[in-house]
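[1] My questions are about this predicted structure, shown below with the sequence.
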Number of protein chains: 2
Amino acid sequence: MKLLEDRILKDGKIGAGNVLKVDSFLNHQIDAPFISELGKEFHRLFKDEGITKVLTIEASGIGIACLTAIYFGVPVVFAKKTETNNISGDVYTSEVYSYTHERTYNIRLSKEFLTKDDRVLIVDDFLAKGSALLALLKLVEASGASVAGAGIVIEKAYQPGGDIVRSLGVRVESLARIASMDENGIEFVK
Amino acid sequence: MKLLEDRILKDGKIGAGNVLKVDSFLNHQIDAPFISELGKEFHRLFKDEGITKVLTIEASGIGIACLTAIYFGVPVVFAKKTETNNISGDVYTSEVYSYTHERTYNIRLSKEFLTKDDRVLIVDDFLAKGSALLALLKLVEASGASVAGAGIVIEKAYQPGGDIVRSLGVRVESLARIASMDENGIEFVK
């Protein structure tokens, strides 16, 4: 999506450890009118899928999920992060390894809000090694719901997450796919 | 706002310790089309204030903030929670005491995204004792920005937060104000 690629080139910053920072429009400041255009694009891509729910993970997925769900006219449900194994109530849980923070955490989702009748669009800001997305897919599988696909804002296509998830037969639509990135700049997949 | 009061009566659950659970539409599942109506109401209330930014706090404020900001055509910025005092970079910080979790945590906001030229609408899901809202007001004060007011979804009017913040001269608009709440039901401020 050219609109997004241009924005990444204009406002993205490459920080220590080759981390792409898009804090100014995606995950600290959220440029709501701009992100809403991305939501509209996810709707264009998945509008014939009978989506009943948009699933994401706190915190940085929530904004893009809400601004997408509005086009589908459906609710968002977000998986909560927790550092404890002591999870109470009727919840689905799965495990995420964070490469950024070098630790494992659990995510949980109330069983009330995802059932076998749901048709789910997963939305997230980044896809790199795929740990968060795989964990969300496990929650959906546990619920018996079906997955229409995943809408990702930025995929680091040089990392294996996208290939792993696509090899499971899951449709992944990434609005920007980065082929390579270093101090000289960012190249997108053509 | 009658639409919201009716929804709270229909879907709100009063749990252990007199906690109001609105997980089904506000802070776990987010009923995006419904919450967008609340955003429209915040816009009606604050539309003449020259708002340049909507400020909230992760995680449960992000959805309502995005669905409000879209009516103003401005960005959201959300304060991040952190358990460490070891905060790096150019950030504003302040302290929140969580009565729910019985501990103090810090919130931080990059200086880049709030400046003296901003006119800020603070948005949050709940106002009870006021700890989070007071911490957000401190961040705004530190930035030199001005505060147009706070848009709150649910105010527990029997707790002191609303009075404390209003006594500072801050305009607080709460879409539902709960006068009392127990196992027999919920009464709103008339």
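    Structure received. Residues are numbered from 1 along each chain as shown, chains lettered A, B, ... in the order given.
[2] Nearest the geometric middle of chain A, what residue?
    A:Asp124 (1.4 Å; CA atoms, centre = their mean).
[3] what's the helix or strand for that residue?
    Element membership for A:Asp124, per DSSP states H and E: strand A:119-127.
[4] before we move on, back to that, which residue sits closest to the residue nearest to the centre of chain A, ignoring its sequence neighbours?
    In space, A:Asp124 comes closest to A:Gly61 once its chain neighbours are excluded; the distance is 4.8 Å by CB to CB, 6 or more residues apart in numbering or on different chains. The C-beta positions use only the backbone N, C-alpha and C, and glycine is treated the same way.
[5] ends of stretch A:181-190, how far apart?
    Counting by CA to CA, to the nearest Å, you get 14 Å between the two ends of stretch A:181-190.
[6] One more: stretch A:50-61?
    End residues of stretch A:50-61 are separated by 21 Å (CA to CA).
[7] chain center to that stretch, what's the gap?
    8 Å (CA atoms, centre = their mean, to the nearest Å).
[8] what's the single longest helix in chain A?
    Longest helix in chain A by number of residues (criterion: DSSP state H): helix A:32-46.
[9] re the thing from before, so the strand holding A:Asp124 versus helix A:32-46, what angle?
    130 degrees (axes from the mean of the first three to the mean of the last three CA atoms, to 10 degrees).
[10] how about the residues of chain A that lie near chain B?
    By the rule CB under 8 Å from any CB of the partner chain, the part of chain A lying against chain B is A:23-25, A:28-33, A:35-36, A:54, A:58-59, A:62-63, A:65-67, A:69-70, A:73-78, A:80, A:110, A:112-113.
[11] List buried members of those residues by neighbour count.
    A:23-25, A:28-32, A:35-36, A:54, A:58-59, A:62-63, A:65-67, A:69-70, A:74-78, A:80, A:110, A:113 (16 or more other CB atoms under 10 Å in any protein chain shown).
[12] got the residue ranges for the strands in chain A?
    Counting by DSSP state E, chain A has strands at residues A:13-15, A:19-21, A:29-30, A:53-57, A:76-82, A:91-98, A:103-110, A:119-127, A:146-156, A:172-182, A:185-188.
[13] among the ones you listed, which is the most enclosed?
    Highest mean neighbour count of the strands of chain A: strand A:53-57, a mean of 27 (counted as mean count of other CB atoms under 10 Å in any protein chain shown).
[14] Pull the residues that contact it.
    For strand A:53-57, contacts defined as CB atoms under 8 Å, 6 or more residues apart in numbering or on different chains pick out A:62, A:64-65, A:68-69, A:72, A:74-79, A:81, A:96, A:107, A:109, A:113-114, A:118-124, A:132, A:135-136, A:139-140, A:145, B:32.
[15] Pretty sure A:Phe78 sits against A:Ile62.
    Yes: between A:Phe78 and A:Ile62 there is a contact at 5.4 Å, judged by CB atoms under 8 Å.
[16] Name the residues contacting each of the two.
    A:56, B:30, B:59.
[17] Tell me which residues touch the last one, please.
    What it means is B:Ala59. For B:Ala59, the contact set (CB under 8 Å, 6+ apart) comprises A:58-59, A:62, A:78, A:80.
[18] let's go with 10 Å and repeat that
    Counting by CB atoms under 10 Å, 6 or more residues apart in numbering or on different chains, B:Ala59 makes contact with A:57-62, A:78, A:80-81, B:27-28, B:78, B:80-81, B:125.
[19] so which of the residues you listed comes closest to A:Glu41?
    Of all those, A:Glu41 sits closest to A:Gly61, with 16.1 Å by CB to CB.
[20] and the closest one, how many residues sit next to it?
    Applying other CB atoms under 10 Å in any protein chain shown, we find 27 residues neighbouring A:Gly61.
[21] go on, the one 10 residues further on?
    Residue crowding around A:Tyr71 was assessed by other CB under 10 Å; the count is 19.
[22] My read is that it contacts A:Ile35, right?
    No: A:Tyr71 is not in contact with A:Ile35 according to CB atoms under 10 Å; the separation is 11.9 Å.
[23] who are the neighbours in contact with A:Lys81?
    Shown in contact with A:Lys81 (CB under 10 Å, 6+ apart): A:57-59, A:96, A:98, A:105-108, A:132, B:59.
[24] wait, A:Asn184
    If you count contacts by CB under 10 Å, 6+ apart, A:Asn184 has them with A:Ile14.
[25] can you give me phi and psi for it?
    Torsion angles at A:Asn184 (phi, psi; degrees, to the nearest 10) stand at phi -90, psi -10.
[26] so how far is chain B from it?
    A:Asn184 sits 24 Å away from chain B, going by CB to the nearest CB, to the nearest Å.
[27] Check the gap between that residue and B:Ser94 for me.
    As judged by CB to CB, to the nearest Å, A:Asn184 and B:Ser94 stand 39 Å apart.
[28] Equivalent analysis for A:Asp182, please.
    37 Å.
[29] just A:Leu133 next, same as before
    A:Leu133 is 34 Å from B:Ser94, where distance means CB to CB.
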